[in-house]
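*Asks:* need a structure here:
(chains A and B)
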Amino acid sequence: MTSLTTVSRRDALCLTAAALALAPGLARADAAAVEAELRKLYGDKKPGSGKIRLDVPQIAENGLVVPISVEVESPMTEKDHVKTVHVFADGNPLPGIASFRFTPACGRAAASTRMRLAQTQNIVAIAEMADGSLFSTKSEVKVTIGGCGG
Amino acid sequence: MVSRRELVQGGLAASALLAGSGLSAGRAFAQQKLTQGDILRFEPLGNVTLLHVADIHAQLVPTWFREPSINLGVGEAKGRVPHITGKDFLDLYKISAGSPMAYALTSEDFASLAKNYGRMGGLDRLATIIKAIRAERGDNRCLLLDCGDTWTNSWTSLQTKAQDIVDCMNLLKPDAMTAHWEFTLGAERVEEITRSLPFPLLAQNIRDTEFEDRVFEPRQMFEKGGVRIAVIGQAYPYTAIANPRWMFPKWAFGLREDELQRQVEEARGEGADLVVLLSHNGFDIDHKMAGRVKGIDVILTSHTHDALPAPVTVGQTLLIATGANGKFISRLDLDVREKRVQGFRHRLIPIFSDAIEPDAEMAALIARHRAPYGQDLKRVLGRTEGLLYRRGNFQGSLDDVFTDAMLEVRDAEISLSPGMRWGGSLLPGQDITFEDIANASAMTYPQCYRTTMKGSMLKAILEDIGDNIFNPDPYYQGGGDMVRVGGMGFSINPFGTVGNRVSNMTFLKTGAPIDASRDYVVAGWASINEGTQGPPIWDVVSQYLTARKTITPRNESAVKVVGL
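*Replies:* Below you'll find the model as predicted:
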């Protein structure tokens, strides 16, 4: 595990833990591995859609440093706020990308970092709210050898 | 809004006019005496005129440019314009076979029609048309917008680091541009040129890689004919993937759709009556974007080199496609009132070089820029017995010359040549000059490498590039046509999924299947990797042609398209 390289200055305070992992030669994770991680965290509870916005490029310019931003709609009050956002990648050797923890003092549940992607894969983000409800979204990032433009 | 029927009629005015009385192919042109007046004829409408050029690829002088015979659409784009070619295209737009517009817009009977109708394009002819429209309409009602892929891919632009084309374009007085291949001049040169331009290079989707700061202005407001027009620039979103990122290492691209939506809203907030996206996305991406980003009135498209005689509408958005190599300019007259497009009239204006009087000032500037390279440009390398062309999803006859040249000159077993959409055509019996080869190869990363690749790697490359073209979601398409291959045949199913499109890879020398674990000697060019070694591709092709003297295009393709 290596620590993440950069986060936006604004969101750095809200970031308590993050993980970025890739080791060559390891087996790739898959959708089932992400499912297993989610089950460990939340059991059989099903996430809803909406509220969470994941901003990743459709095609990575550089698989070594792929920008990722995540933002969750929330008033961020004591009663109603975002507690955590976990980000997973289903095609890296280890599925965990980052975990962000928030408090109402954050004011806004938003974070940005960069991740390393071994290949084309889905990025899954899941947010847990103060009342225990879950929201999830998924986006594919293509990692290509490129060339042959227009 | 204009009805569908009016839309078709407006768009077809040009083709109907030129198609004329249905004379047989070949004779129509001579009998019709197509004139500059015919080409310019347009019933003005409304209060503002947009003039659109795209993908000129630094072609200062007229060229032959055959449109594709195969240009497949996938996903929602299947069977939809611009993915309609040949006779189907003529039928759709009711263009007579053998007419000037049939010649300009399709590959049907290209070689014989080309002899009748002559070369197309030339910035001196374009200048004449633009000046005439501005004179008729009034300068204060016209906005000339250039979608980019303007500064590169001719020999003189390569030698002058684009100064020739920049000087010539400045004479046309564009109001704004956006870009793609321009970036292959390197960040420093692009910055140097943009500082000198009397108009802005707009790109909302380019950011600095560290803090996402803007590199170029995202948009500009113009006032023409009393209409406030916001023009937003969208550079090619996958420049850093399709072209060498090391040439502009601090710039990140991408679609940045959310930011585009914000740009539209800000522009409206500033009082824009009309919002225009000057886009290098490519047609299918623009089509999808038009359905997702709200509030864009007109998208001026480019990149995919499509020429369409009528706008395509997506909701309230008009998409204009103007072709490549300077063959066309689009004129779009708009009636904008109460912050809405109340009506429009459009014409895809063909630049028939034999019919249009060259503008003297531009002709002199072009001659001055070409003079120092005259001997190189004219040098005859060989002759072709048949039609040579590149444009199309799969290997063209001009690509065969490139892939054969690499096999022979670089002593390779397999060769790879990029599926760029630029590069002109040559007619049967024509001398092949150095300029013809340079027009299909002039770029800043021309090294022809020689290396070994395992069969499994070759398969991975074909699959990856296949997915760049045929991914059913245009937002995941990386641009260009399929890579061209020498020494190897294969089958491809465009409607397959990534990793499953390419089959029957065959080593042509022996007829044996490609062995995944065997090393093959591979030559190729236009690698996006820094430090690629090898002679420039134009030297490789020149050497091959000089030795071979005469090219006879093959009838059979080693690429089989399946699953259609």
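*Asks:* Please pull out the lowest mean pLDDT helix or strand from chain B.
*Replies:* The weakest-scoring helix or strand in chain B, judged by mean pLDDT, DSSP states H and E, is helix B:4-19 (a mean of 39).
*Asks:* I meant to write chain A there.
*Replies:* Of chain A's SSEs (mean pLDDT, DSSP H and E), minimum confidence goes to strand A:17-18, a mean of 26.
*Asks:* List, one by one, the residues from the stretch 451-564 of chain B near chain A.
*Replies:* B:460-461, B:464-465, B:467-468, B:471, B:475-476, B:478-481, B:483, B:498, B:526-528 (C-beta under 8 Å from any C-beta of the partner chain). For the C-beta atoms, the positions are set from N, CA and C on the backbone; glycine is no exception.
*Asks:* Buried residues, stretch A:80-95. List them.
*Replies:* By 16 or more other C-beta atoms under 10 Å in any protein chain shown, the buried positions in stretch A:80-95 come out as A:81-95.
*Asks:* farthest-separated two in those?
*Replies:* A:His81 and A:Pro93 (33.1 Å; C-beta to C-beta).
*Asks:* what's the burial count for B:Ala97?
*Replies:* 18 (other C-beta atoms under 10 Å in any protein chain shown).
*Asks:* And the strands in the stretch 201-350 of chain B?
*Replies:* Ranges of strands in the stretch 201-350 of chain B, per DSSP state E, counting those that start in this stretch, are B:207-208, B:219-224, B:227-234, B:251-252, B:274-279, B:298-300, B:312-314, B:317-320, B:328-337, B:340-350.
*Asks:* Which of these sits closest to B:Phe507?
*Replies:* Using C-beta to C-beta, the strands of the stretch 201-350 of chain B put strand B:251-252 closest to B:Phe507, at 39.8 Å.
*Asks:* For residue 68, which residues are in contact?
*Replies:* If you meant another chain, say so; for now it's chain A. Contact partners of A:Ile68, counting by C-beta atoms under 8 Å, 6 or more residues apart in numbering or on different chains, are A:54-56, A:87, A:97-98, A:112-115, A:123.
*Asks:* should've been chain B
*Replies:* B:85, B:107, B:391-393.
*Asks:* what's the answer for B:Val48, then?
*Replies:* B:141-143, B:224-225, B:227, B:229, B:274, B:333-334, B:336.
*Asks:* For the residue of the stretch 151-300 of chain B found nearest chain A, report the pLDDT, please.
*Replies:* Closest residue of the stretch 151-300 of chain B to chain A, C-beta to the nearest C-beta: B:Ala242 (2.5 Å). We note a pLDDT of 93 for B:Ala242 in this prediction.
*Asks:* Now tabulate the strands of the stretch 201-350 of chain B in CSV and tack on mean pLDDT, mean neighbour count and distance to B:Thr384.
*Replies:* Shown next, in CSV, are these (pLDDT from 0 to 100; neighbours: other C-beta atoms under 10 Å in any protein chain shown; distance: least, C-beta to C-beta, whole Å):
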stretch, mean pLDDT, mean neighbour count, distance to B:Thr384
strand B:207-208, 96, 16, 45
strand B:219-224, 98, 17, 45
strand B:227-234, 98, 25, 38
strand B:251-252, 98, 22, 40
strand B:274-279, 98, 28, 36
strand B:298-300, 99, 28, 35
strand B:312-314, 98, 18, 36
strand B:317-320, 98, 25, 34
strand B:328-337, 98, 23, 26
strand B:340-350, 98, 22, 25
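*Asks:* Centroid-nearest residue for the chain?
*Replies:* Using chain A. A:Val87 (2.3 Å; C-alpha atoms, centre = their mean).
*Asks:* Need the three-state assignment for that one.
*Replies:* strand (DSSP: H, G, I helix; E, B strand; the rest coil).
*Asks:* which residues touch it?
*Replies:* By C-beta under 8 Å, 6+ apart, the neighbours of A:Val87 are A:54, A:68, A:70, A:96-100, A:115, A:123-125.
*Asks:* filter these to the buried ones?
*Replies:* By 16+ other C-beta under 10 Å, those give A:54, A:68, A:70, A:96-100, A:115, A:123-125 as buried.
*Asks:* Was I right to think B:Glu259 contacts B:Ile206?
*Replies:* No - using C-beta atoms under 8 Å, B:Glu259 is not in contact with B:Ile206, being 10.9 Å away.
*Asks:* Between these two, which is the more surrounded one?
*Replies:* B:Ile206 (27 against 17).
*Asks:* Over to the more buried one: give its phi and psi.
*Replies:* phi -110, psi 130 (degrees, to the nearest 10).
*Asks:* shouldn't it be in contact with B:Ala252?
*Replies:* Yes - B:Ile206 lies in contact with B:Ala252 (C-beta under 8 Å); the separation is 7.2 Å.
*Asks:* give me the low-pLDDT residue ranges for chain A?
*Replies:* A:1-27, A:146-150 (pLDDT under 70).
*Asks:* And the strands in it?
*Replies:* Using DSSP state E, the strands found in chain A span residues A:17-18, A:52-55, A:66-72, A:82-89, A:96-101, A:109-115, A:121-129, A:134-141.
*Asks:* Report the inter-axis angle for the third one versus strand A:121-129.
*Replies:* To tie it back to what came earlier, the one meant is strand A:66-72. 30 degrees (axes from the mean of the first three to the mean of the last three C-alpha atoms, to 10 degrees).
*Asks:* picking that back up, what's the most distant pair in the buried ones among the contacts of A:Val87?
*Replies:* A:Leu54 and A:Gly96 (15.6 Å).
*Asks:* give me the number of residues near B:Met362?
*Replies:* 22.
*Asks:* Which residue, other than its chain neighbours, is closest to B:Leu158?
*Replies:* B:Ala442 (4.3 Å; C-beta to C-beta, 6 or more residues apart in numbering or on different chains).
*Asks:* Could you do B:Ile356 as well?
*Replies:* In space, B:Ile356 is closest to B:Arg125, 4.1 Å off (C-beta to C-beta, 6+ apart).
*Asks:* Likewise for B:Leu300?
*Replies:* Closest to B:Leu300 by C-beta to C-beta, 6+ apart is B:His52, at 4.6 Å.
*Asks:* And for B:Gly73?
*Replies:* B:His83 (3.0 Å).
*Asks:* cool, and B:Lys224?
*Replies:* B:Lys224's closest residue in space is B:Val48 (C-beta to C-beta, 6+ apart), at 5.0 Å.
*Asks:* Kindly state the beta-bridge partners for that neighbour.
*Replies:* Beta-bridge partners for B:Val48, by DSSP bridges, are B:Leu334.
*Asks:* Contacts only, for the residue nearest to B:Lys250 when sequence neighbours are not counted.
*Replies:* Of all residues not flanking B:Lys250 in the chain, B:Thr209 sits nearest, at 5.3 Å (C-beta to C-beta, 6+ apart). Applying C-beta under 8 Å, 6+ apart, we find B:Thr209 in contact with B:249-252.
*Asks:* let's go with 10 Å and repeat that
*Replies:* B:Thr209 makes contact with A:61-62, A:65, A:67, A:114, B:215, B:240, B:245, B:248-252 under the criterion C-beta atoms under 10 Å, 6 or more residues apart in numbering or on different chains.
*Asks:* What's the local residue count around B:Glu182?
*Replies:* 26.
*Asks:* thinking it is in contact with B:Arg189, fair?
*Replies:* Yes - using C-beta atoms under 10 Å, B:Glu182 is in contact with B:Arg189, at 8.9 Å.
*Asks:* if I look at these two, which residues touch both of them?
*Replies:* B:151, B:162.
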